[in-house]
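In: following is a predicted model, sequence given first.
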Amino acid sequence: MKCSFPHMGNYYIAFEALFKTLGMDFFPPPPITKRTVELGARFSPEFVCLPFKITLGNLIEASEQGAEILFQTGGRGACRLGFYLDIQEKILQDIGFDVQVVRLFDPTDIAYNWQILKKLNPEITIKKIVKAIRIALAKIEAIDTVEDSIRRKWPYIMDKSEVERLYRVTLDKISQIDNPGDLKPLVKQFKKTLSTLDTHLNKSPIKIGIIGELYVVMEPYSNFELEKQLREMDVEVIRPLNLSHILKDTLYLRLPHRRHMRIASPYLKFDCCSHANDSVAEAIVFAKNGVDGVIHVKPHACMPEVTAMSALYRVSKDYNIPILFFSFDEHTSSLGVRTRLEAFVELLKRRKRCI
Amino acid sequence: MIQRTKSSFARIGIPQALLYYKYYPFWKTFLERLGFQVVVSPATNREIFYDGINICMDEACFPVKVFCGHIAALKDKADCIFIPRIASVEKRGFLCSKFSGLPDIVRNLFPDCHVLSPNIDLNQDSLFKTFFTFGLQFTRNPIRILSALRAAQDRQEKFLNLMHEKRLTPPEAIEFLEQGKQFSKVFGFQGIKIAILGHPYNLYDDFINLDMLKRLKDMHVEILTLEMVPEKRLIEESRPLWNIYWTYDRELAAAAMYFSKQGIDGIIFIVSFPCGPDSLVIDYLTRKLGQRIPILNLVIDEHRGDAGFLTRLESFVDLIRRKKHEV
């Protein structure tokens, strides 16, 4: 039985490794295009959030190519994500696809997970599962380390096209590696090569921190390739939010999240669900560490992030740090996004000259 | 720290919005027994409505904006505002994340407002423990807190019984409890029966739902609501819907399933824009029930289009009536 899983940035490389090691007939959905979003939006409920629409588009396109089991994330909790799979399954079946949408991992129902794995690969063993998780986690960490290094160093390096080439080559290599042990040396080599490239010594670029809702931060198509646009304006982008961070948070008993709650506590006394407190805490940390501006991104009407916004207005005032708010849905105009970004970067440059 | 002198009671404000429609009798009784003078904001009106829209975040859902309008109306009339933070009202269940963030939203939008917010999260602590700890901030006498809790629970039970047995809506039940106002209800109606399902703060706030209930009554429709479903049946219908983890939405879904089996003529879902949980659950229910029974999804928002709203309501009722007469 063929299976698939929605896109999120470059992580399909890690998911491919995960499912192939588990011995499943996995293929990633076609890359996200205008058609994906249009399909997803057409069949989605009226005012649902953008991640639902795009992931539904992914699942529809995967079903068109023959996938029968579709995986989806999300667990029980206040945010809508946990309910995606129930209704996405209904929608796909109503369209006419004979598919099942399954939670990728449900810590409260491990027996169910095991059943599904057995169905997809009758020869599955615990050993294979451990191996699959190991390689997936290693690849996720490798992808995040590579992308983070590029973000940090980008404005300083002179030959931008060389960086792009190096990035593409490294991603290709990551996707081809089968042994998790080979990834660390590869990343080390990448960092070394990056540091040998010529740099501007006396540059002081604008630093912008990105915070907000997980999916829209991590999936470039949904945020109109915000980071790429900022890079073109020679900005140093700081983005603490990535999949490694989220997985570590879960593994370390949510201690990073609790730390964020403490930092945000003057503005948010309680846990406002999902990443609301984390967004506010990250903004405060940015302000304290001399970042020039913050961009907050979210899907239209994202419940927890709207709560975070009420606190962010005050953080912006109290710490004297400009925050630009973006709200994405399928009707957002790319030209509008570009204009606002350019204006924001210009504003930050002038502020920096004056201060 | 709110101080209370012997001669003057601190005034505590309860906004007439959101969970007022579910828990007001409990809160009022508890706070009064602790020595507060409870002040309630007026029913939603134009001033509250516009204040709410102007003060609150653009993308917050409509009921939260109305809530902020109520806070604006209340903050000068009370020394502090009572806004419990409610993350869950049952084990392994959740509420919309806005209820978890409500006191913080108000604290950030109204910085000079003193907000008292007990933390109600049945996944962590019992209701008793939460309210008892809350009470200790204002009195050192545990017996007083216990008897306040007892009185509050009794009052809340009376409130629920009034809605179940006498078929009163929450505002009518509150008026009955406070002022003894009687309401006459006609049973055994021979008109068309429509279940109106939605969150109580949308359903029973006549200003924001453009007086929907009265308009339906004027069209000689018998209105059935969630409060009229027998508790045992509600629990029975909830079980297969356990995948819906928002407690209030699961209750609505269970009520929808119950009514769909009672041979009623139609269901109207009233949803405010852009309610997160409802955006998914109502679609889910429409897909499950749409083949069996006529369904109307009414979305209310701050653009108060009277004409369009009324047209849709009248068309729906007309269609049902015609269908019934043809049969």
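Out: In hand now; what should we look at?
In: pick out the residue closest to the middle of chain B.
Out: The centroid of chain B falls nearest to residue B:200 when counting by C-alpha atoms, centre = their mean (3.2 Å).
In: what about the closest residue to that residue other than its chain neighbours, neighbour count?
Out: Sequence neighbours aside, residue B:21 is the residue nearest to residue B:200 in space, at 3.8 Å (criterion: C-beta to C-beta, 6 or more residues apart in numbering or on different chains). C-beta here means a position set from N, CA and C on the backbone, and glycine is covered the same way. As a burial measure, residue B:21 scores 20 neighbours (other C-beta atoms under 10 Å in any protein chain shown).
In: what lies in contact with the helix or strand containing residue B:21?
Out: According to DSSP states H and E, residue B:21 maps onto helix B:20-33. Contact with helix B:20-33 is made by B:12, B:14, B:38, B:40, B:82, B:84, B:131, B:135, B:144, B:147-149, B:151-156, B:158-159, B:170-171, B:174, B:177, B:200-201, B:204-205, as judged by C-beta atoms under 8 Å, 6 or more residues apart in numbering or on different chains.
In: at 7 Å instead, please
Out: B:12, B:14, B:38, B:82, B:131, B:147-149, B:151-152, B:155-156, B:159, B:170, B:174, B:177, B:200-201, B:204 (C-beta atoms under 7 Å, 6 or more residues apart in numbering or on different chains).
In: those residues in strands, which ones?
Out: Taking DSSP state E as the definition of strands, the contacts of helix B:20-33 contribute B:12, B:14, B:38, B:82.
In: quick one: which of these is nearest to residue B:282?
Out: residue B:14 (28.7 Å; C-beta to C-beta).
In: okay, and the beta partners of that closest one?
Out: Assessed by DSSP bridges, residue B:14 has beta-bridge partners residue B:40.
In: OK, contacts around the residue nearest to the centre of chain B?
Out: So residue B:200 contacts B:21, B:22, B:170 (C-beta under 7 Å, 6+ apart).
In: any chance of a markdown table for the residues you listed, columns distance to residue A:173 and pLDDT?
Out: A markdown table is the format used below for the contacts of residue B:200 (distance: C-beta to C-beta, whole Å; pLDDT from 0 to 100):
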| residue | distance to residue A:173 | pLDDT |
| --- | --- | --- |
| B:21 | 60 | 95 |
| B:22 | 58 | 95 |
| B:170 | 63 | 92 |
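In: for residue A:114, state which of those residues is nearest.
Out: Using C-beta to C-beta, the contacts of residue B:200 come closest to residue A:114 at residue B:22, 40.4 Å.
In: could you list the low-pLDDT ranges of chain A?
Out: A:202, A:355 (pLDDT under 70).
In: the helix ranked longest in it: how far from the chain's middle?
Out: When chain A is parsed with DSSP state H, its longest helix is helix A:126-153. Its chain's average C-alpha position is 14 Å from that of helix A:126-153, according to C-alpha atoms, centre = their mean, to the nearest Å.
In: show me the helices in chain B, by range?
Out: Using DSSP H, helices in chain B cover B:20-33, B:46-55, B:62-74, B:97-109, B:127-135, B:142-165, B:170-179, B:200-203, B:212-218, B:231-238, B:247-260, B:276-289, B:306-326.
In: which parts of the host helix or strand of residue A:339 are buried?
Out: Using DSSP H and E, residue A:339 maps to helix A:334-354. Within helix A:334-354, the residues scored as buried using 16 or more other C-beta atoms under 10 Å in any protein chain shown are A:337, A:341, A:344, A:345, A:348.
In: closest to chain B out of these?
Out: For the buried residues of helix A:334-354, the minimum distance to chain B (C-beta to the nearest C-beta) is 16.6 Å, reached by residue A:337.
In: any idea how far the closest residue to the closest one other than its chain neighbours lies from chain B?
Out: Distances taken as C-beta to C-beta, 6+ apart put residue A:224 closest to residue A:337, at 4.7 Å, once the chain neighbours are dropped. When distance is defined by C-beta to the nearest C-beta, to the nearest Å, residue A:224 is 18 Å away from chain B.
In: shouldn't residue A:224 be within a helix?
Out: No. Assigned with DSSP: H, G, I helix; E, B strand; the rest coil, residue A:224 falls outside any helix and is coil.
In: that one contacts residue A:335, correct?
Out: No. Assessed by C-beta atoms under 7 Å, residue A:224 is found out of contact with residue A:335, at 9.7 Å.
In: distance of residue A:25 relative to residue A:102?
Out: As judged by C-beta to C-beta, to the nearest Å, residue A:25 and residue A:102 stand 15 Å apart.
In: quick one: residue A:154 and residue A:233 touch, right?
Out: No. Using C-beta under 7 Å, residue A:154 is not in contact with residue A:233; the gap is 10.8 Å.
In: ok, the two, which is more surrounded?
Out: Neighbours were tallied for residue A:154 and for residue A:233 using other C-beta under 10 Å; the higher tally belongs to residue A:154 (19 against 16).
In: how much space separates that one from residue A:342?
Out: Distance of residue A:154 to residue A:342, computed by C-beta to C-beta: 18 Å.
In: rewinding a little: check which helices and strands the longest helix of chain A sits against.
Out: Applying 3 or more C-beta pairs under 7 Å, 6 or more residues apart in numbering or on different chains; DSSP states H and E, one finds that helix A:126-153 contacts helix A:12-21, helix A:160-176, helix A:183-196, strand A:236-238, helix A:243-251.
In: before we move on, back to that, what's the closest of the contacts of residue B:200 to residue A:191?
Out: residue B:22 (56.4 Å).
In: and that closest one, how far from residue B:160?
Out: Residue B:22 sits 10 Å away from residue B:160, going by C-beta to C-beta.
In: quick one: residues contacting the closest residue to chain B within the stretch 51-200 of chain A.
Out: Residue of the stretch 51-200 of chain A nearest chain B, by C-beta to the nearest C-beta: residue A:78 (3.8 Å). By C-beta under 7 Å, 6+ apart, the contact set of residue A:78 is A:273, B:94, B:95, B:96, B:97, B:100.
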